[in-house]
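J.: Next one to model:
(2 chains)
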Amino acid sequence: MNIFALFTQHVRTAVASLASEGIVLSEAALDRIVVEAPRDPTHGDLATNAAMVLSKEAGLKPRDLAEKIATRLAAVADVARVDIAGPGFINLTVKASVWPRVLKSAVETGEAFGRATLGKGTKVNVEYVSANPTGPMHVGHCRGAVFGDALANLLDAAGFDVTREYYINDAGAQVQILGRSAHLRYREALGETISIPEGLYPGDYLKPVGEALKARHGDRLMHVPEAEWLPICRDAAIAAMMDEIRGDLAALNVRHAVFFSERSLQVPVDKVRAAIESLRADGQIYEGVLERPKGADDDEWEEREQTLFRSTAFGDDVDRPLMKSDGTYTYFASDIAYHKDKADRGFLEQIDVWGADHGGYVKRMQAALKAISGGRAALDVKLVQLVRLFRDGEPVRMSKRSGDFVTLREVVDEVGRDAVRFMMLYRKNDATLDFDLAKVREQSKDNPVFYVQYAHARGRSILRNAMAAMADLDLSAPALAAAPLYRLDDPGELAIVQRLAQYPRLIEAAAQAHEPHRVAFYLYELASDLHSQWNRGKDSPHLRFIMENDRQITTARLALVQGIVTVLRSGLAILGVEAVEEMR
RNA sequence: GGUCCCGUAGCUCAGUUGGAUAGAGCGACAGCCUUCUAAGCUGUUGGUCGCAGGUUCGAGUCCUGCCGGGGCCGCCA
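T.: Presented below is the predicted three-dimensional model:
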């Protein structure tokens, strides 16, 4: 039960009936009507801006129009009271009987309580991580991985048909270098003493690849030309690196449904060429010369004619090259073909999660998708900002010397998956994040991960203790749903029910905005509600959840606890954080 | 030079996508354990929402221009 959806419908019905009085209403204006919980509780339970957004078209003063709407809303069964306030807000106080119904539905529905139909089954593709398969993942990849995964969970909860995708950059010069580096390790495995020249990957993680190549091919790859050994070494290295990456992701509980190979865009069929030709046919491709960029005016620059995409026609700042001077495609060209492929697979809503250093790439990619899909498909790019690692307030040094970086696995091993995930999501994606390895392991209220998990554990503990204290209690969902919930009349209890009532709406709003952090903040507040109410029971024993002399109130309060536990569990599932039974 | 992100309490950050008197946590100060996990809770303190205009019933939120911090800027991915 989504109380906001319910009352939005009531308001729309009330407003629609005004048309019979000759009052002008447009669908566009109706869509701007929102029903929300006012910040100030003295303004009632729900407030709507209906009169204010409709007044101009209707040709009435907001407060006069509010009067007309209010009269009709007052007749709605669930409404106890209607007030008009400020510039034309309509404040609704709902009947006390509404809140028990909300809690009842939360208890009955279980974790599906927050699920929304907002997405209407629309196909959405979320592409995230997409780290180059040239080495293990480092902490920098971590935030994008967690963010993308949680966003996908969120969209799924909001009723979208979500596909999680990873784009493997296995076609560029990087993987050629990887192949050469692997060949060097292969020679090393054969007993040669090697030195790794500048420009190749020096990391030890390629040693096992060299060993594997030796085991498989003996010394044969020593005696064939590079054109023969390079693809073999390259593919073996990519496969090994992708295994490694999949393992790293699994440690974070991140799983993609599709791993899409960049090379598959060129072999066996050249889809990149097809994409370019498609754009050319639309007149979006030309041969031209780019202006020298103002900032980077070093001596390196030379004017050259190249194949350009007219991205300026779609909102980009300059046109973008598609071919390198050696005749191969730029990364951008591949990316156009890739996003076209996604559109061809039916993904008209695409979301890419990138690191902030790719910010300059957003406009051209959006321009390209718009052009290549004839405006049918849209791309939202979520940029995740930098993560700065700290330990006890001191920055953790990350040397630029190759091989000396903090890997994702090290961080997960040290602080745990749940802490990493929650902290990465406890911030807007476009704000930089300070991550303190010591702090996230603290078991105190200063640590939001702990605080929220503790709330869940505490709720579960209350339910267990209730069973122990009153052995014949029935804590099944139907039994709790049937409890006399109207007896939850303490302000603290009502506040919790109202918080729970906001959850379905929160999921919709967060999904619409592509902002999973809102879920994390909501859970923190809900956790705080539970901790508060629990402590009120210390000062005021009649507010304790378990009242052995009153079975009725006890079941009602346990239903409330169950509602909290359910929503915490549901929200944590979206964040990909475990809802623990007890803290240890 | 262009472009993107950020600027809110001493610190770290939210702000329901334009709503009413801007909120949390930390810090500081004062309290709460014979009791369902004190691993917690309550109260007090704290603001020129970077600056200046504009849009309108109404701006922390949208637009323009500045200031400050960061990212990126043809043949890297």
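J.: can you list the weak-confidence ranges in chain A?
T.: Residue ranges of chain A with pLDDT under 70: A:293-301, A:397-405.
J.: Name the nearest residue to the residue minimising distance to the centre of it, sequence neighbours excluded.
T.: When Cα atoms, centre = their mean is applied to chain A, the residue found nearest the centroid is residue A:151 (1.9 Å). The shortest distance from residue A:151 to any non-neighbouring residue, by Cβ to Cβ, 6 or more residues apart in numbering, is to residue A:516 (5.3 Å). Placement of C-beta: from N, CA and C, glycine included.
J.: circling back: so the residue nearest to the centre of chain A: helix, strand or coil?
T.: Here residue A:151 is recorded as helix under DSSP: H, G, I helix; E, B strand; the rest coil.
J.: Could you list which residues are in contact with it?
T.: Residue A:151 sits next to A:126, A:128, A:351, A:353, A:382, A:514, A:516 when contact means Cβ atoms under 8 Å, 6 or more residues apart in numbering.
J.: and those residues, which of them are in strands?
T.: A:126, A:351, A:353, A:382 (DSSP state E).
J.: Quick one: those residues as JSON lines, columns for distance to residue A:479 too.
T.: As requested, these are arranged in JSON lines below (distance: Cβ to Cβ, whole Å):
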{"residue": "A:126", "distance to residue A:479": "39"}
{"residue": "A:351", "distance to residue A:479": "42"}
{"residue": "A:353", "distance to residue A:479": "43"}
{"residue": "A:382", "distance to residue A:479": "43"}
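J.: and which of those residues is nearest residue A:113?
T.: residue A:126 (23.6 Å; Cβ to Cβ).
J.: Let me see the contact set for the closest one.
T.: A:148, A:151, A:152, A:155, A:162, A:163, A:164, A:165, A:351, A:353.
J.: And residue A:483, by the same measure?
T.: Going by Cβ under 8 Å, 6+ apart, the list of residues near residue A:483 reads A:552, A:555, A:556, A:558, A:559.
J.: ranking the ones in strands among the contacts of residue A:151 by neighbours, who comes first?
T.: residue A:126 (29 neighbours; other Cβ atoms under 10 Å).
J.: how close does that one get to residue A:191?
T.: 47 Å (Cβ to Cβ, to the nearest Å).
J.: How much space separates the residue nearest to residue A:151 from residue A:499?
T.: Applying Cβ to Cβ to residue A:516 and residue A:499 gives a distance of 19 Å.
J.: Surely residue A:181 touches residue A:200?
T.: Yes: under the criterion of Cβ atoms under 8 Å, residue A:181 makes contact with residue A:200 at 4.4 Å.
J.: When the two are compared, which one has more neighbours?
T.: For the pair residue A:181 and residue A:200, the greater number of neighbours falls to residue A:181 (25 against 18), based on other Cβ under 10 Å.
J.: and the contacts of residue A:126 near RNA strand B, which?
T.: Near RNA strand B, taking Cβ under 7 Å from any atom of the strand as the test, no member of those is found.
J.: follow-up on the earlier one: can you say which of the contacts of residue A:483 are buried?
T.: Buried members of those, counted by 16 or more other Cβ atoms under 10 Å: A:555, A:556, A:558, A:559.
J.: so what's the second one up against?
T.: This points to residue A:556. Residues in contact with residue A:556 (Cβ under 8 Å, 6+ apart) are A:483, A:484, A:485, A:487, A:488.
J.: between the buried ones among the contacts of residue A:483, which is nearest residue A:251?
T.: Comparing the buried ones among the contacts of residue A:483 against residue A:251 with Cβ to Cβ places residue A:558 closest, at 36.5 Å.
J.: thought the closest one was touching residue A:480?
T.: Yes: using Cβ under 8 Å, residue A:558 makes contact with residue A:480 at a distance of 6.2 Å.
J.: Let me know the distance separating residue A:249 from residue A:141.
T.: 9 Å.
J.: of the two, who's got more company?
T.: Neighbour totals were compared for residue A:249 and residue A:141, and residue A:141 leads with 24 against 21 (other Cβ under 10 Å).
J.: Is that one located within a helix, as I assumed?
T.: Yes: Residue A:141: assigned to a helix according to three-state DSSP.
J.: ok, which residues in the stretch 351-500 of chain A are in contact with RNA strand B?
T.: Residues of the stretch 351-500 of chain A lying close to RNA strand B (Cβ under 7 Å from any atom of the strand) are A:356-363, A:383, A:385-386, A:427-428, A:430-434, A:443-446, A:450-451, A:454, A:457-458, A:461-462, A:465.
J.: Would you quantify the distance from the closest residue to residue A:582 other than its chain neighbours to residue A:566?
T.: Spatial nearest neighbour of residue A:582, excluding adjacent residues (Cβ to Cβ, 6+ apart): residue A:457 at 4.9 Å. From residue A:457 across to residue A:566, the span is 14 Å (Cβ to Cβ).
J.: quick one, which of these two is more surrounded?
T.: More crowded of residue A:457 and residue A:566, by other Cβ under 10 Å: residue A:566, with 25 against 19.
J.: So the more buried one sits against residue A:108, correct?
T.: No: counting by Cβ under 8 Å, residue A:566 does not reach residue A:108; the two are 9.9 Å apart.
J.: sorry, back to before: now, the residues of the stretch 351-500 of chain A next to RNA strand B that are in helices?
T.: Secondary structure defined by DSSP state H assigns A:362, A:363, A:450, A:451, A:454, A:457, A:458, A:461, A:462, A:465 of these to helices.
J.: Spatially nearest residue to the first one, not counting backbone neighbours?
T.: In this case it means residue A:362. Nearest non-adjacent residue to residue A:362 (Cβ to Cβ, 6+ apart): residue A:381, at 4.6 Å.
J.: tell me which residues form a beta bridge with the one you found?
T.: residue A:352 (DSSP bridges).
J.: Out of the contacts of residue A:483, which comes closest to RNA strand B?
T.: residue A:558 (9.6 Å; Cβ to the nearest atom of the strand).
J.: mind checking the SS state of the closest one?
T.: Local secondary structure at residue A:558 is given as helix here, using three-state DSSP.
J.: got the contacts of residue A:483 as TSV, with distance to residue A:205 columns?
T.: Formatted as TSV, the contacts of residue A:483 follow (distance: Cβ to Cβ, whole Å):
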residue	distance to residue A:205
A:552	63
A:555	57
A:556	58
A:558	52
A:559	53
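J.: Any chance of JSON lines for those, columns distance to RNA strand B?
T.: Formatted as JSON lines, the contacts of residue A:483 follow (distance: Cβ to the nearest atom of the strand, whole Å):
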{"residue": "A:552", "distance to RNA strand B": "16"}
{"residue": "A:555", "distance to RNA strand B": "13"}
{"residue": "A:556", "distance to RNA strand B": "13"}
{"residue": "A:558", "distance to RNA strand B": "10"}
{"residue": "A:559", "distance to RNA strand B": "14"}
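J.: Could I get the full set of helices for the stretch 201-350 of chain A?
T.: A:207-217, A:226-251, A:271-281, A:331-344 (DSSP state H, counting those that start in this stretch).
J.: Then the stretch 1-150 of chain A?
T.: Taking DSSP H, counting those that start in this stretch as the criterion, the stretch 1-150 of chain A carries its helices at A:3-16, A:27-31, A:50-58, A:62-74, A:98-109, A:139-157.
J.: tell me the angle the helix or strand just after the longest one makes with helix A:139-157.
T.: Right, the one you point to is helix A:139-157. Note on helix A:139-157: by DSSP states H and E, the next helix or strand toward the C-terminus is strand A:161-168. Counting by axes from the mean of the first three to the mean of the last three Cα atoms, to 10 degrees, strand A:161-168 lies at 160 degrees to helix A:139-157.
J.: could you give the angle of strand A:161-168 to helix A:331-344?
T.: 160 degrees.
J.: could you check the angle helix A:226-251 makes with strand A:161-168?
T.: Using the same axes, to 10 degrees: strand A:161-168 against helix A:226-251 is 140 degrees.
J.: was I right about residue A:346 contacting residue A:123?
T.: Yes: with contacts counted by Cβ under 8 Å, residue A:346 reaches residue A:123, the gap being 5.3 Å.
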